[in-house]
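*Asks:* sequence first, predicted coordinates after that:
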Amino acid sequence: MAAGEESSSSRRCSVVQLPVVDISQPLQPSSLLSLAEACKQWGFFHIINHGIPRQLYNRIYSLSQRIFSLPADTKLSQLGPSSLLKTYTPHFIASPFFESLRVSGPDFLGSAHSSADALFATELASEFSELLQEYGSKMTEISKRILVILLTILGEGLEEKFHESEFQNCHGYLRIINYTIPPAAESEEVEGLGMHTDMSCVTIVYQDQIGGLQFKSEGGEWMDVSPSEETLVVNIGDMLQAWSNEKLRSSEHRVVLPGSSSGGAASCRLSLAFFWCFEDEKVIWAPEEVVAAGCCGRRRAYRPFVCSDYLRFREITSERGRFDKVSFTVRDFAGALTKLI
Ligand SMILES: O=C(O)CCC(=O)C(=O)O
Ligand SMILES: [Fe+2]
């Protein structure tokens, strides 16, 4: 795995060559090894041959832009935090440059429809919903495939033993995110989304060509995740870090937006982040076999906890309007590093 300094002087971070997994093929032992290493060290990797046609992205992209370019009042009153639907997160909640629309599974069609009906004429609303249904169900399928791979790298026999029994009630939701690139930023980068960990088992991200997704290495260095047309980014979330007893890493990450001088005339960055999560009432407790697998000893890193309690903890501990604040993670909530259980 090669990591080298990036040439651009405006970015004080490194680029890393993440493993690229072809998920249309069974994985070769050598690929499994490098993936296992990356999941332990970075918690990030790329996938290719995922079967999402480019036209699907293009169409979602252009309809999403139509939604985000509607007047702020319309988005807020129809979909905002005080509306019935609550699917729209306006600017100045996650950051001044971030706004998003949530589409929840498994009925992605119904979820997208309820938001789109409030904004679009019938025909466009139907098209938007159908596209999101297609995207959501493809992401669901890919998430399951990724979990099979991750359980395989955790240890022999663990996939057969635990995929069905532990992950069968997982559910997914999608966040369509629009980042506004501020023209006043000059050569300075700004944080579009501050440092955080995801509360999912795995997250699958499509980022457009603007890039800017970065994760923090164990040594505390920011690493750039370069955008590429053909690949999707996968990162491990807190739920899987806890369930795997930290054999899979949920890295802190963020999104930086380029200053206006660092390239192009683009005024926005669009990403689609799909979160594959345990059900709310799931008790997370790493199985004995997972704790014992490999050479990491038998120390448990977490006490058992209920998923929804952690989600609530994150909600309470995240301070609105404090964009610079480091958010708490699952270690702060359920870490038991000093105690043998
Ligand atoms: O926009 C991106 O590229 C990543 C978004 C993200 O990290 C998140 O929504 O949790
Ligand atoms: Fe994230």
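*Replies:* The structure has been received and is ready for your questions. Ligands and ions are numbered 1, 2, ... in the order given.
*Asks:* what residues does the chain put near ligand 1?
*Replies:* 175, 177, 193, 198, 205, 207, 213, 253, 255, 271, 273 (Cβ under 6 Å from any ligand atom). Heads up, the C-betas are built off the backbone N, CA and C, glycines and all.
*Asks:* now residue 173. Nearest residue, chain neighbours left out?
*Replies:* residue 104 (4.4 Å; Cβ to Cβ, 6 or more residues apart in numbering).
*Asks:* list the contacts of that neighbour.
*Replies:* Residues in contact with residue 104 (Cβ atoms under 8 Å, 6 or more residues apart in numbering) are 111, 173-174.
*Asks:* same check on residue 138?
*Replies:* With Cβ under 8 Å, 6+ apart, residue 138 has these contacts: 50-52.
*Asks:* which SSE is it in?
*Replies:* helix 122-154 (DSSP states H and E).
*Asks:* ends of stretch 204-224, how far apart?
*Replies:* This stretch, stretch 204-224, spans 16 Å end to end (Cα to Cα, to the nearest Å).
*Asks:* could you pull out the buried residues of it?
*Replies:* 204-208, 210-217, 222-224 (16 or more other Cβ atoms under 10 Å).
*Asks:* how far off centre is stretch 309-319?
*Replies:* Stretch 309-319 sits 17 Å away from the centroid of its parent chain (Cα atoms, centre = their mean, to the nearest Å).
*Asks:* contact partners of it?
*Replies:* Residues contacting stretch 309-319 (Cβ under 8 Å, 6+ apart): 199, 238, 280, 284, 325, 327-328, 330, 332-334.
*Asks:* surely residue 229 meets residue 52?
*Replies:* No: the pair residue 229 / residue 52 is not scored as a contact, 11.3 Å apart, by Cβ atoms under 8 Å.
*Asks:* show me what residue of this structure gets nearest to ligand 1.
*Replies:* Nearest residue of the chain to ligand 1: residue 271, at 3.4 Å (Cβ to the nearest ligand atom).
*Asks:* quick one: contacts for that residue?
*Replies:* Shown in contact with residue 271 (Cβ under 8 Å, 6+ apart): 176-177, 179, 205-208, 213, 255.
*Asks:* switch the cut-off to 7 Å
*Replies:* For residue 271, the contact set (Cβ atoms under 7 Å, 6 or more residues apart in numbering) comprises 177, 205-208.
*Asks:* which residues in the stretch 1-150 of the chain form helices?
*Replies:* 29-41, 54-68, 72-79, 108-117, 122-154 (DSSP state H, counting those that start in this stretch).
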